[in-house]
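>>> Structure here, sequence nowhere to be found:
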């Protein structure tokens, strides 16, 4: 599961997944996406969310995760102001190279333009599978 994953149907969108291993049985993913208007060439339209949830124990198992949005911060090192839970997701890993992310954002102001949005993404692993 530790790998970059992308959505071939949505250029420039995907997840970077990191697992804590068997000891803690959890994963965290950075989710890079664009605003709901789809303006992929606008730097202000880029959004990052994080996902946190338990590791799937078998292929085909839908694993729940919480979607978080951090407000503030910058690549120059400015601190974030707050991190808020803004939705729920289900991650299903079908095999070492294919997964599906189903998600629904809360209907709250902190979810911003993503409020009440629900969709599904078919993901492919960007690098080779490791046996």
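That came through fine. The model shown is predicted, which means the values in this text are computed figures rather than measured ones.
>>> residue contacts, residue 93?
Residue 93 is in contact with 1, 56, 59-61, 63, 99, counting by C-beta atoms under 8 Å, 6 or more residues apart in numbering. In short, each C-beta sits where N, CA and C put it, glycine included.
>>> Going through those residues, which ones are buried?
1, 56, 63, 99 (16 or more other C-beta atoms under 10 Å).
>>> Considering those, which is situated nearest to residue 111?
Comparing those against residue 111 with C-beta to C-beta places residue 63 closest, at 21.5 Å.
>>> Strand partners (parallel or antiparallel) of the helix or strand hosting that closest one?
If you go by DSSP states H and E, residue 63 is part of strand 62-72. Partner strands and pairing direction for strand 62-72 (DSSP bridges) are strand 46-54 (antiparallel), strand 80-95 (antiparallel).
>>> Indicate which one of these is closest to residue 105.
Among these, the nearest to residue 105 by C-beta to C-beta is strand 80-95 (3.9 Å).
>>> Show me which positions of that closest one end up buried.
Within strand 80-95, the residues that count as buried by 16+ other C-beta under 10 Å are 86-93.
>>> Looking at the residues you listed, which two lie furthest apart in space?
Between any two of the buried residues of strand 80-95 (C-beta to C-beta), the greatest distance is 22.9 Å, for 86 and 93.
>>> Since that was my last question, I'll sign off now.
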